[in-house]
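Peer 1: task: produce atomic coordinates for the following.
(2 chains)
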Amino acid sequence: MIFQSMQKEKFISLVSPAVPLPIENIDTDQIIPSRFLKATTREGFGDNLFRDWRYDGEGNAKPDFVLNDPGRQGKILVAGKNFGCGSSREHAAWALYDYGFRVVVSSFFADIFKGNALNNSLLPVQVSDDFLDKTWEMLSQNPDSPIRIDLENQRISLADGTSETFDINPYKKACLLNGYDDIDYLLSLKDQILAYERVRSY
Amino acid sequence: MHIIGPELGLTLPGMTIVCGDSHTSTHGAFGNVAFGIGTSEVEQVMATQCTLQHRPKRMKIEINGKLGKGVLSKDIILYVISRISSSGGNGHFVEYAGDTITALSMEARMTICNMSIEMGARGGLIAPDQTTFDYLRGRKFAPQGADFERAVADWKTLKTDDDAVFDQVHRFDAADIGPMITYGTNPGMGIRVTDRIPTLAELSDLSEHASFQKSLDYMDLRPGSSLLGKSVDYVFIGSCTNARIEDLRLVADFVKGKKKADNVEVWIIPGSKQVEKQAVEEGLDRVFREAGFELRGPGCSACLGMNEDKVPAGKYCVSTSNRNFEGRQGPGARTFLVSPLSAAAAAVTGQVTDVREMI
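Peer 2: Below you'll find the model as predicted:
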């Protein structure tokens, strides 16, 4: 089903508590280990998100891992710098999305992961090191403290009013706001493409 | 794909090559723009033959001088990544240049370009030259006869202008590079095999302390210690980084007449059916068998533990692959990345070894 264009959710703004994962260089093999990549649809990968950090060899939940803490829930993941390094596997973005995350906040994203996330309605929000530190501090003091993500104005705000703007490619922003992907976008231009092809001669 | 594309002459200079795999950068060794993309981008390419990309920043990595004994191209790239870090190339395409690079074979160049992604770069390339043309001549899908000569004339134009401007330039001296080994859980955590693992105090970036400690805990290693003599359980020679016929020949040449140590299991995995066939024709399989190495079916194998070739939890594996991430070779597996020659040395001694003492 890989080639089926998916109906995407629109992303305009989000207010949610966040899950802190203050580890740097989180690679795609941690996000979703390769032994779980054999499925051919995008759904179901959330069950194995951070599998080897989340469960022991017998499949028992590791109590120390943040996703197993019932007090830590939310649609925003806050992670250390160079998040998503490693493979081009889009499954990493699918797993995060399928688990329920809609935003990942970090001070640095690996290139391919960033593109994959944007193609799958998962918003990577790159913030300064200072802002990231403040976010962790806030989350350690108050786990329920919400973070606001305003895509329209490209702004991330903490509960105490601290906020920062973030960058996003204008085309990708439009895709997220409208809930369409590259293929949907191209199809929306079909008449223009056909008109252009009619005046070309090879 | 990264082994057979070049083998069949499908990978040619000047192409743009994309594939749903980050090690697509391998093909840059032929002087082309090759990079990994995600599934949605693959969909876009299949539908339109186009892909929407940002213009990357340009990085030049220049290495000059003569490589020491026992130092291979894998050591060059592990050294470079250890200097630049696993994210230092983010947002960039890399050109590898300098007389150390131009002296390398195509196979050795592919090993270098293959690991461009391990410093965060989308791709890496090397200007095509006589070595490239000689490699391609007569390959099944390469242009033939007069077409080939015409193609070469065109390929010769594919080099960087003398006055080209780069966003970043790094220069290294080949004499500073020794046989390398990684000690941590990202490919930037590498040292010369004779060096000690850094201590926390030696790390330049304070913010890295927690990740560094987590990584050493996973590997069960102590800061400031040496890896030399560390007992290993598995040796894996394979992957799109180091499973070409040249790699297998090198290993066979080294292990001829030697036996693997009793405490290690040694897997050698040809990168393709063609490599396997060639290995058998050249009698390399016999050399491996006599040394106690297990020649397994071609493919990715224990590079990423997707099939049954997995390293058990807690075991140490000296590996010629490209990633030492936690659990990469199996849940709980601990990986040391090295060159094929260093891997062969570890197979024979059963421990982390400075291969220079054996050649």
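Peer 1: any part of the longest helix seen in chain A near chain B?
Peer 2: Selection of the longest helix in chain A by residue count, based on DSSP state H, yields helix A:129-141. Yes. Against chain B, helix A:129-141 shows contacts by CB under 8 Å from any CB of the partner chain at A:Asp129. To be clear about C-beta, it is placed using only N, CA and C from the backbone, and glycine gets the same treatment.
Peer 1: direction included, what does the next helix or strand after that helix pair against?
Peer 2: Once the chain leaves helix A:129-141, the next helix or strand it forms, by DSSP states H and E, is strand A:146-150. When pairs are called by DSSP bridges, strand A:146-150 turns out to pair with strand A:13-21 (antiparallel), strand A:155-157 (antiparallel).
Peer 1: what segments of the stretch 151-300 of chain B are helices?
Peer 2: For the stretch 151-300 of chain B, applying DSSP state H, counting those that start in this stretch gives helices covering B:209-219, B:245-255, B:273-281, B:284-291.
Peer 1: span of stretch A:51-69 from start to end?
Peer 2: Start-to-end span of stretch A:51-69 (CA to CA, to the nearest Å) is 15 Å.
Peer 1: now swap in stretch B:265-272 and tell me
Peer 2: Calculated as CA to CA, the first-to-last residue distance of stretch B:265-272 is 22 Å.
Peer 1: centre of the chain to that stretch, how far?
Peer 2: Per CA atoms, centre = their mean, to the nearest Å, the displacement of stretch B:265-272 from the mean C-alpha position of its chain is 15 Å.
Peer 1: that one near chain A anywhere?
Peer 2: No. Contact between stretch B:265-272 and chain A is absent, the nearest approach being 15.6 Å (criterion: CB under 8 Å from any CB).
Peer 1: run through who's touching that stretch.
Peer 2: Under the criterion CB atoms under 8 Å, 6 or more residues apart in numbering or on different chains, residues B:2-4, B:7, B:233-240, B:243-244, B:248, B:251, B:260, B:276, B:279, B:288, B:291-299, B:301-302, B:309, B:347 lie in contact with stretch B:265-272.
Peer 1: avg pLDDT for it?
Peer 2: Along stretch B:265-272, the predicted local confidence has a mean pLDDT of 94.
Peer 1: for stretch A:34-45, same thing?
Peer 2: Within the predicted structure, the mean pLDDT of stretch A:34-45 is 82.
Peer 1: quick check: buried residues in it?
Peer 2: A:34-37, A:42, A:45 (16 or more other CB atoms under 10 Å in any protein chain shown).
Peer 1: just the ones in helices from those residues, please.
Peer 2: Assignment to helices by DSSP H places none of the buried residues of stretch A:34-45 there.
Peer 1: out of the residues you listed, give me the two with the largest separation.
Peer 2: Checked with CB to CB, the buried residues of stretch A:34-45 reach their widest spread between A:Arg35 and A:Arg42, with 17.7 Å between them.
Peer 1: give me the low-pLDDT residue ranges for chain A?
Peer 2: Within chain A, the set of residues satisfying pLDDT under 70 comprises A:1-7, A:202.
Peer 1: need the strands for it, in chain order.
Peer 2: Defined through DSSP state E, the strands belonging to chain A, from first to last, are A:13-21, A:76-79, A:103-106, A:123-126, A:146-150, A:155-157, A:163-165.
Peer 1: okay, these in JSON lines with mean neighbour count and distance to A:Ala95 next?
Peer 2: Formatted as JSON lines, the entries for these read as follows, by neighbours: other CB atoms under 10 Å in any protein chain shown; distance: least, CB to CB, whole Å:
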{"stretch": "strand A:13-21", "mean neighbour count": "19", "distance to A:Ala95": "14"}
{"stretch": "strand A:76-79", "mean neighbour count": "24", "distance to A:Ala95": "11"}
{"stretch": "strand A:103-106", "mean neighbour count": "24", "distance to A:Ala95": "12"}
{"stretch": "strand A:123-126", "mean neighbour count": "22", "distance to A:Ala95": "15"}
{"stretch": "strand A:146-150", "mean neighbour count": "19", "distance to A:Ala95": "20"}
{"stretch": "strand A:155-157", "mean neighbour count": "18", "distance to A:Ala95": "23"}
{"stretch": "strand A:163-165", "mean neighbour count": "14", "distance to A:Ala95": "27"}
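Peer 1: just to revisit the earlier point, quickly compare the helices of the stretch 151-300 of chain B and say which is most buried.
Peer 2: With neighbours defined as mean count of other CB atoms under 10 Å in any protein chain shown, these peak in mean count at helix B:245-255, which reaches a mean of 22.
Peer 1: and the stretch 101-250 of chain B, which residues reach chain A?
Peer 2: Selection of the stretch 101-250 of chain B residues close to chain A by CB under 8 Å from any CB yields B:117, B:120, B:122, B:185-186, B:207-208, B:210-211, B:214.
Peer 1: repeat that for 10 Å
Peer 2: Residues of the stretch 101-250 of chain B found near chain A, taking CB under 10 Å from any CB of the partner chain as the criterion, are B:117-122, B:184-189, B:205, B:207-212, B:214-215.
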